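Participant: Provide a 3D model corresponding to the input given below.
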Amino acid sequence: MHEDGSISEITAQPLTFELFAFRLRFRVLEPLYFPPGKAGNVIRGALGRTFKKFVCQPQCPGAKTCDQRSTCAYARLFEPTQITEGPSGLADWPRPFVIRATHLDDRRFRPQETFHFDFFVFELRDPALAYFAFSFSQLLREGLGPGRAATELIAIHELDEARQERAQIFDGHTLLEQRPIMLSLNAAAEAQPVQRIEVRFLTPTELKGAGHILREPDFGVLFARIRDRIHTLRQIYGRGPLPLDFSAMGERARLIKLVRNNIRWESGERRSGKTGQTHPLAGFIGSAEYEGDLAEFLPYIQAGSWTGVGRQTTWGKGHIDVTILE
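Facilitator: Have a look, this model is predicted:
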């Protein structure tokens, strides 16, 4: 972690993954409802609409065709495309943030009640905190949820490595700190042997291996998707690509055994407010236990609990947690 909170210079520092972690707290002004399984999507949609109105001209043709997309905050954060040097084969880059709002699914709030969700940002050079804070504060005007209920942003706190609140950086009116301290997650191998872990899939997780969607959480594929996501986020938004032997590490990951499988498949869908199209929100949830020489993989799985894994992580899919089993 950077003691002075500096983010102006990114130096080569292998085997770390850094991010900004925030908790946003709102007061409800009108009855508010979050549909089952869609709280993250509702928040993401409202944020995108408000953010675009804030930073884009009304006549903007869209982030992918706008001639100012290289300097546009909306394009960089919500519709990132390969406009500069980056990972080959990725026409559309992963968005540099995720929303953690599963605890709001199927919840109703009455006026004057409060709710919160967590928001992780992976863009180190410019986390655009002022843009995000202003956009979320405008939900009072734009509304949130199916009925566009008015809400009021009353506080933003930084989170520590244990996801506990520390410094308050927004008090409902003023952004108190525009350069928050980054968390630094160490991706070096564990010093002590780790032989068995449990991974919990807290939200629907959709993994692909060999071109097919998996119906059970094979460890080799799970690790590969987490490693690739961390590598890509670091390469685009952080300190550069991970200095790993991907092939050799992947071979070792395939030796890890799935020894207990307690998952189920969940289906769902979301409707895009911009295009009107529906998109599946399917994936497996539950838990799985793995056995083998896990020490070198554990830090990546732990980092994956922050980044998410698989498809549609931005609005909360692929949220995992991991526990070392004695």
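
Participant: Wasn't Gly172 part of a strand?
Facilitator: No. Using DSSP: H, G, I helix; E, B strand; the rest coil, the assignment for Gly172 is coil, not a strand.

Participant: excluding its backbone neighbours, what's nearest it?
Facilitator: Sequence neighbours aside, Ile154 is the residue nearest to Gly172 in space, at 4.4 Å (criterion: Cβ to Cβ, 6 or more residues apart in numbering). Yep, even glycine has a C-beta here, placed from its N, CA and C like the rest.

Participant: Quick check: that neighbour touching Arg27?
Facilitator: Yes. Using Cβ atoms under 8 Å, Ile154 is in contact with Arg27, at 5.1 Å.

Participant: what sits in contact with each of those two?
Facilitator: Common contacts of Ile154 and Arg27, defined by Cβ atoms under 8 Å, 6 or more residues apart in numbering, comprise Thr114.

Participant: Test my guess that Glu152 contacts Glu30.
Facilitator: No. Glu152 sits out of contact with Glu30 when judged by Cβ under 8 Å, with a separation of 10.5 Å.

Participant: Where does Arg166 fall, secondary structure wise?
Facilitator: strand 165-170 (DSSP states H and E).

Participant: Next, the buried residues of the helix or strand hosting Ile285.
Facilitator: Using DSSP H and E, Ile285 falls within strand 283-291. The neighbour-count check on strand 283-291 (16 or more other Cβ atoms under 10 Å) flags Gly283, Phe284, Gly286, Ser287, Ala288, Glu289, Tyr290 as buried.

Participant: Could I get the residues you listed in JSON lines, plus columns for distance to Phe109 and pLDDT?
Facilitator: Output for the buried residues of strand 283-291, formatted as JSON lines (distance: Cβ to Cβ, whole Å; pLDDT from 0 to 100):
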{"residue": "Gly283", "distance to Phe109": "27", "pLDDT": "91"}
{"residue": "Phe284", "distance to Phe109": "29", "pLDDT": "92"}
{"residue": "Gly286", "distance to Phe109": "28", "pLDDT": "96"}
{"residue": "Ser287", "distance to Phe109": "30", "pLDDT": "97"}
{"residue": "Ala288", "distance to Phe109": "34", "pLDDT": "97"}
{"residue": "Glu289", "distance to Phe109": "37", "pLDDT": "98"}
{"residue": "Tyr290", "distance to Phe109": "38", "pLDDT": "98"}
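
Participant: Just the closest of those to Trp93, please.
Facilitator: Gly283 (21.7 Å; Cβ to Cβ).

Participant: contacting residues for Leu185?
Facilitator: Leu185 is in contact with Thr16, Phe17, Glu18, Leu19, Glu161, Pro299, Gln302, Ala303, Trp306, counting by Cβ under 8 Å, 6+ apart.

Participant: Sorry, wrong one. I was asking about Asp171.
Facilitator: For Asp171, the contacting residues are Ile154, Ala155, by Cβ under 8 Å, 6+ apart.

Participant: how about a cut-off of 6 Å?
Facilitator: For Asp171, no residue meets the contact criterion (Cβ atoms under 6 Å, 6 or more residues apart in numbering).

Participant: That concludes my questions; thank you for your assistance.
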